[in-house]
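K.L.:
I'll drop the sequence and a predicted model, then ask my questions.
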Amino acid sequence: MIDSCGIDRLALLMVDATLAPECLLYTGWVINQEWVDMARTSVFKERELLRDRALDTMLEHSETGIAVIDRQLIYRFINPTLARFNGPSVEEHVGRSIHEVLPELAPMAAPLLQRVLDHGEPLRNFEIRVPTPSVQEEDSLWLASYLPIWSEDKEQSEVIGILAIAENETLVKKLERSRREASELVQRVIDSLYAFVGILALDGTVLDCNRAPLEAAGIDIKEVAGHKFWECLWWNYDQDLQAQLQFWIQAAARGEIIRQDVVVRMANDSRMTIDFMLAPLRDANGHITHLIPSASDVSDRVASEQQLKASEDRFRRVVDSTLNALLLIDNEGNIHLANQRAAEMFGYPMEQLMNLRVDDLVPIERRHHHKGLRSGYFQHPEARAMALRQELFACRQDGSLFPVEVGLTPLWFSEGMRVLATVVDVSVQKSNQAELVRALEEKTVLLNEVHHRVKNNLQVVSSLLSLQARNVPEDARVYLQESQDRIRAMALIHQLLYEQKSFDRVDIASYAQRLMGLLRRSYLTGPGIRVVMDAPEQLFVPLEVAQPFGLLLNELVTNSIKHAFRGRDSGEICLTMEEAGDLVRIRIADDGVGLPGGVEIGKGRSLGFQLVPGLVEQMGAQLARLDVAGTCFELTFSRGGV
């Protein structure tokens, strides 16, 4: 006899077997009908249980609200979804009427439920807008269906309840409205953008684009929508540009991204430079569905770039056209800029020069020292010449050295301070300077020799006059003596020029001191007549002033020595020299008897007085006789900027 476990196993076999129950064998026995009926009953129970559990699971996890309401409008079943929409829990629904659970909804829903109970006709997909506890401060929109539940009595079937199916459309409508508003907002934003944004089909047909660029071009959306992109006003002024755009569209349809600066046509046949981009649009699976063209006006940027390029070209031409080498150096000695003259001066190709450091252009023995000097300059930058107290030399690529002068100018940039070094090749200047020095030395030697010989020749003439004076009468000897004095005065000028090695000016203070000594030795034999001099230590005047001054001083002092002290054994001659800026004032005074009445300078029989006006004129001076005791002459003249 088969046991209960055996019946269960038999039931499983019946569920899975394809053979008739009468043909099944069980442990070698033929199964009788009783056992088969028992197994069949077990199978049916399992199936009903599985169905009930599946139904419960479906109702519990369904996104649709479901409830069963009896004829008294009492909830007999409600799934969690509808309970959550209504607010109260499942337990708070079951066994309570709709009036108790949803008092706000009951006045509207109860008549509809009652109509279904009374007439047995379902109500499908109708909207109900009422407040519900789950949605605060806003009515909920419900999409509901009320379906009658009939009794199983086939002869007297009646409606015993209602299956209520409800979907809360509030969130769906909100989401749809939010999406619609967001879409409209995005569209308004895109339409207000001056930058162009559009949508193309893969064959280049314009599907849509924003409005601002259309207005700027003076066209309507109807003139572009449905047309090939390259046929639109922006492109159709140039066939080559149209062909290029078609090529770009084909490339973008293959997945490429195109970006170019392009000149397009705008309103009134004007032109605009745009930054044009064409990119593929892919769906969730990565398939290209559309093309997205976009563009922005870069006319100002392009114009600025062109102006900048033109400015850079002008700067480069100016820099390269200068006769001096220009190098822009950082604190590490790297060369950031060099002009063509620098490459020529140092003998490097431009590319190689830009890879050097400035230390490579310095003589080898000075490079280590130069690094320290460069570091010090960057700590205390100022515009100045480099190494004023010594000669500078630079090194060419072949190792040869040449003299230079270098100017340093600090410049500040966003990346830091740089130094602009201006390098001047002074090889020619140094050569010319050396030649000038040699020529000057030769001329100095020549002039020195000339003055020496003139002085010697004048002394020879003076000696000849002295010899001649011994053999002439006494009255004629005086004239020879005066001529000899004048010659000595001129010779003294050349003597001073020879001694001071300067041939363009004469120290008249020293000259006057020595001339007074010569005249004293020639005319004054005793100590009674004194010659006093008050003058600066040095007083230089040009040579062309010094020569007539010497003769003039000789005449005036000699005149005082000869004539001021007749009949006297004592007296004083005073020579005073003063300078006031460029003016020189000289007084020659004595305390003698004074000039005889009626004597005027430049007149009379005295040769000396006749020479005085001419000498004063040569000096560009003024000579005045002062009304004082004795005789006093005041000479005023300009030194001529010496």
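P.N.:
Ah, there it is.

K.L.:
Please make it C-alpha for all contacts and neighbour counts, starting now.
P.N.:
Noted.

K.L.:
per-domain residue ranges of this structure.
P.N.:
4-58, 62-175, 193-303, 322-425, 504-642 (automatic domain parsing).

K.L.:
Return the distance of the third one from the chain's centre.
P.N.:
Spelled out, that is domain 193-303. Relative to its chain's centre, domain 193-303 lies at 34 Å (C-alpha atoms, centre = their mean, to the nearest Å).

K.L.:
cool, and the last one?
P.N.:
In this view, domain 504-642 has its centroid 73 Å away from the chain centroid, taken as C-alpha atoms, centre = their mean.

K.L.:
where does the residue nearest the centre of the chain fall, phi/psi-wise?
P.N.:
The centroid of the chain falls nearest to S414 when counting by C-alpha atoms, centre = their mean (5.7 Å). When read as degrees, to the nearest 10, the backbone of S414 gives phi -60, psi -30.

K.L.:
All the helices of the stretch 251-400 of the chain, residue numbers only.
P.N.:
299-321, 340-346, 350-354, 367-379 (DSSP state H, counting those that start in this stretch).

K.L.:
can you give me the helices for the stretch 501-642 of the chain?
P.N.:
For the stretch 501-642 of the chain, the helices defined by DSSP H, counting those that start in this stretch occupy 508-523, 543-563, 607-619.

K.L.:
and those helices as a markdown table, adding distance to Q433 and mean pLDDT?
P.N.:
As requested, the helices of the stretch 501-642 of the chain are exported to a markdown table (distance: least, C-alpha to C-alpha, whole Å; pLDDT from 0 to 100):
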| stretch | distance to Q433 | mean pLDDT |
| --- | --- | --- |
| helix 508-523 | 32 | 80 |
| helix 543-563 | 26 | 83 |
| helix 607-619 | 35 | 81 |
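
K.L.:
Of those, which stretch is the most buried?
P.N.:
Most buried of these, by mean neighbour count (mean count of other C-alpha atoms under 10 Å): helix 543-563, with a mean of 20.

K.L.:
Would you mind getting the angle between it and helix 508-523?
P.N.:
30 degrees (axes from the mean of the first three to the mean of the last three C-alpha atoms, to 10 degrees).

K.L.:
Convert the C-alpha atoms of helix 543-563 to PDB, please.
P.N.:
In PDB, the C-alpha atoms belonging to helix 543-563 read as follows (Å, rounded to 0.1, in the frame of the first residue of the first chain):
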ATOM      1  CA  LEU A 543      94.700 131.500 -27.000                       C
ATOM      2  CA  GLU A 544      93.200 134.200 -29.300                       C
ATOM      3  CA  VAL A 545      92.500 136.300 -26.200                       C
ATOM      4  CA  ALA A 546      95.800 135.600 -24.400                       C
ATOM      5  CA  GLN A 547      98.000 136.800 -27.200                       C
ATOM      6  CA  PRO A 548      96.700 140.400 -27.500                       C
ATOM      7  CA  PHE A 549      96.300 140.500 -23.700                       C
ATOM      8  CA  GLY A 550     100.000 139.800 -23.200                       C
ATOM      9  CA  LEU A 551     101.000 142.700 -25.400                       C
ATOM     10  CA  LEU A 552      98.400 145.000 -23.800                       C
ATOM     11  CA  LEU A 553      99.600 144.100 -20.300                       C
ATOM     12  CA  ASN A 554     103.200 144.700 -21.400                       C
ATOM     13  CA  GLU A 555     102.400 148.100 -22.800                       C
ATOM     14  CA  LEU A 556     100.400 149.300 -19.700                       C
ATOM     15  CA  VAL A 557     102.800 148.100 -17.100                       C
ATOM     16  CA  THR A 558     105.800 149.300 -19.000                       C
ATOM     17  CA  ASN A 559     104.200 152.700 -19.300                       C
ATOM     18  CA  SER A 560     103.700 152.900 -15.500                       C
ATOM     19  CA  ILE A 561     107.300 151.800 -14.800                       C
ATOM     20  CA  LYS A 562     108.700 154.400 -17.200                       C
ATOM     21  CA  HIS A 563     106.600 157.400 -16.600                       C
END
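
K.L.:
Tell me what angle it forms with helix 607-619.
P.N.:
Counting by the same axes, to 10 degrees, helix 543-563 lies at 160 degrees to helix 607-619.

K.L.:
Touching, M577 and V532? I think so.
P.N.:
No. M577 is beyond contact range of V532, at 11.5 Å (criterion: C-alpha atoms under 8 Å).

K.L.:
Tell me which of those two has more neighbours.
P.N.:
M577 (19 against 14; other C-alpha atoms under 10 Å).

K.L.:
Report the contact partners of that one.
P.N.:
When contacts are counted by C-alpha atoms under 8 Å, 6 or more residues apart in numbering, M577 touches 509, 534-536, 584-587.

K.L.:
Distance of V319 relative to V404?
P.N.:
Distance of V319 to V404, computed by C-alpha to C-alpha, to the nearest Å: 19 Å.

K.L.:
Which strand or helix spans L112?
P.N.:
helix 106-119 (DSSP states H and E).

K.L.:
Just the residues contacting that helix, thanks.
P.N.:
71, 73, 98-99, 121-123, 146-148, 159-162.

K.L.:
Send me that helix as PDB with only the CA atoms.
P.N.:
Taking C-alpha atoms only, helix 106-119 is exported to PDB below (Å, rounded to 0.1, in the frame of the first residue of the first chain):
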ATOM      1  CA  ALA A 106     -16.400  60.000  -0.400                       C
ATOM      2  CA  PRO A 107     -19.000  62.600  -1.600                       C
ATOM      3  CA  MET A 108     -17.700  62.300  -5.100                       C
ATOM      4  CA  ALA A 109     -16.700  58.600  -5.200                       C
ATOM      5  CA  ALA A 110     -19.600  57.100  -3.300                       C
ATOM      6  CA  PRO A 111     -22.400  57.900  -5.900                       C
ATOM      7  CA  LEU A 112     -20.200  56.400  -8.600                       C
ATOM      8  CA  LEU A 113     -19.600  53.300  -6.600                       C
ATOM      9  CA  GLN A 114     -23.300  52.900  -5.800                       C
ATOM     10  CA  ARG A 115     -24.200  53.200  -9.500                       C
ATOM     11  CA  VAL A 116     -21.900  50.300 -10.400                       C
ATOM     12  CA  LEU A 117     -23.400  48.300  -7.600                       C
ATOM     13  CA  ASP A 118     -26.900  49.100  -8.700                       C
ATOM     14  CA  HIS A 119     -26.500  48.700 -12.400                       C
END
